[in-house]
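S.K.: sequence below, structure please.
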Amino acid sequence: APTPMGTIAMHLHTNIDTTEADSGVAVVDNVSGKKFQLNIAQFYISGIVAYKADGTAEPISNTYLLKNIDEEIYVIGQVPAGNYNKISFNVGLDEVTNATNPSSHTGVLAVQDPSMWFGNTTQGYMFMNVQGYADTTATQTGAVNQPFAYQLGGNAALKTINMPALANNVVVTTSNTSALHAEFHIICEYGILLKNVYFKTN
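M.R.: Got it, this is the predicted structure:
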């Protein structure tokens, strides 16, 4: 008999510290008191593995997601029905995919606006692209008006994120569909990313 399957998704928030920053207009303080406004905040997700509560790994191959600033729900695909309590994924793209040209792809790997490609197959894709405005005054009391762009890529920048095990299982059943899916809920916190960037000099 075929294995009963159900659909899982990632529910991803865009935050700075504990405040949602997904509107593109919100001015948000991070934990060290710096003020930011994000208008682009996106990154690639690949190499997703969902883990059952008994430790069984269920890799979801050939699935690429592009998390953007305001979208929250990303349907990953189908996994065997059961109780899941952990997920891991890469931020970025595998070496083979990273060496391809976006014009040869459809979907999230195709040409994007704003661009997620450095313009050549040597550098490849931007794994993460964060842009917005910052308050660059020494006292952190000025206007949030200095544009910044933070773009990260290159095969060495590929990072695997192992989320901690959940206290409550994500229960996947055969009634889960793309419209009604089981979700891993994750907060993407850009305040941590930007905390150690000294905007006066970097």
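S.K.: please count neighbours and contacts with C-alpha atoms only from this point.
M.R.: OK.
S.K.: can you pull the buried residues of stretch 128-147?
M.R.: 128-136, 144 (16 or more other Cα atoms under 10 Å).
S.K.: what is the burial count for the closest residue to Asp70 other than its chain neighbours?
M.R.: Leaving out its chain neighbours, the residue that sits closest to Asp70 by Cα to Cα, 6 or more residues apart in numbering is Asp22, at 5.0 Å. Counted with other Cα atoms under 10 Å, residues neighbouring Asp22 total 21.
S.K.: what separates Asp22 from Gly153, distance-wise?
M.R.: Distance, Asp22 to Gly153, by Cα to Cα, to the nearest Å: 22 Å.
S.K.: same deal with Asp70?
M.R.: Note on Asp70: its distance to Gly153, by Cα to Cα, is 22 Å.
S.K.: more neighbours: these two, which one.
M.R.: Each of Asp70 and Gly153 has its neighbours counted (other Cα under 10 Å); Gly153 has more, 22 against 18.
S.K.: touching, that one and Thr122? I think so.
M.R.: No: Gly153 is beyond contact range of Thr122, at 10.8 Å (criterion: Cα atoms under 8 Å).
S.K.: quick one: strands adjacent to the strand or helix carrying Lys86?
M.R.: If you go by DSSP states H and E, Lys86 is part of strand 82-91. Paired neighbours of strand 82-91 in the sheet (DSSP bridges): strand 35-52 (antiparallel), strand 159-162 (antiparallel), strand 170-172 (antiparallel).
S.K.: next SSE after it?
M.R.: helix 95-98.
S.K.: does the residue nearest to Asp70 really touch Val28, like I thought?
M.R.: No: look at Asp22 against Val28 with Cα under 8 Å: they stay out of range, at 10.5 Å.
S.K.: mind checking pLDDT for Asn202?
M.R.: Per-residue confidence (pLDDT) for Asn202: 62.
S.K.: what does Thr18 give?
M.R.: At Thr18, the pLDDT recorded in the model is 82.
S.K.: and stretch 50-65, which residues are buried?
M.R.: 50-53, 58-60, 64-65.
S.K.: now stretch 69-89
M.R.: In stretch 69-89, counting by 16+ other Cα under 10 Å, buried: 69-70, 72-89.
S.K.: follow-up on the earlier one: contacts only, for the residue nearest to Asp70.
M.R.: Contact partners of Asp22, counting by Cα atoms under 8 Å, 6 or more residues apart in numbering, are 13-15, 38-39, 69-70.
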